[in-house]
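Asks: pasting the sequence and the predicted model now:
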Amino acid sequence: MAMNIPASGGDEEQAIAAINTTPLVDVMLVLLIIFLITIPVVNYSVPVAVPKERNEVRESKPETVVISVDAGGRTYWYDTPVRDTPALVARLTKVAAMNPQPEVHIRGDWHSDYEPVGRIIYACQAAGIAKVGFITEPPARN
């Protein structure tokens, strides 16, 4: 924006009131670049130590209880089918009374729902089992 002031006589200098926006644009571009670089770094504000992938070889002890869930959602105590959750809790209560208490390993089929596995975890909690683990396949290495 320019402002022209008429001269009152002769060749006097005219006052031009114009804002030079070039430095303003430069400062705004620098700020934009700084924000674009720093925002992804600040995005995770809560420091959390995420576990790393690892394969831990565990020996299966004879007293370890293995409970499996097939693709249809049926539960098995080793190879024997378990009819419902109260029957599983009753079996796990007997195991929980042993000294030392054996571990319970859960094998869930890849295509199974989460609900049967959740029922097994609930049954372990209700029976007082202290150590529950999951049996998984190691990731494929290419």
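Replies: Right, received. Where do you want to start?
Asks: make sure residue 107 is indeed in a strand.
Replies: Yes. Counting by DSSP: H, G, I helix; E, B strand; the rest coil, residue 107 is found in a strand.
Asks: number of nearby residues for it?
Replies: Using other Cβ atoms under 10 Å as the criterion, residue 107 is surrounded by 16 other residues. For the C-beta atoms, the positions are set from N, CA and C on the backbone; glycine is no exception.
Asks: distance of it relative to residue 87?
Replies: From residue 107 across to residue 87, the span is 18 Å (Cβ to Cβ, to the nearest Å).
Asks: got it, and residue 73?
Replies: Residue 73 is 15 Å from residue 87, by Cβ to Cβ.
Asks: same check, this time on residue 15
Replies: If you go by Cβ to Cβ, the gap between residue 15 and residue 87 works out to 96 Å.
Asks: of these two, which one has the most company?
Replies: The residue with more neighbours, out of residue 15 and residue 87, is residue 87; 14 against 8, by other Cβ under 10 Å.
Asks: element containing the more buried one, please.
Replies: helix 85-96 (DSSP states H and E).
Asks: would you mark the buried spots in that helix?
Replies: Buried residues in helix 85-96, counted by 16 or more other Cβ atoms under 10 Å: 88-89, 91-92, 95-96.
Asks: list the contacts of the closest residue to residue 89 other than its chain neighbours.
Replies: Spatial nearest neighbour of residue 89, chain neighbours left out: residue 123 (4.7 Å); criterion: Cβ to Cβ, 6 or more residues apart in numbering. Contacts for residue 123 (Cβ atoms under 8 Å, 6 or more residues apart in numbering) come out as 85, 88-89, 92.
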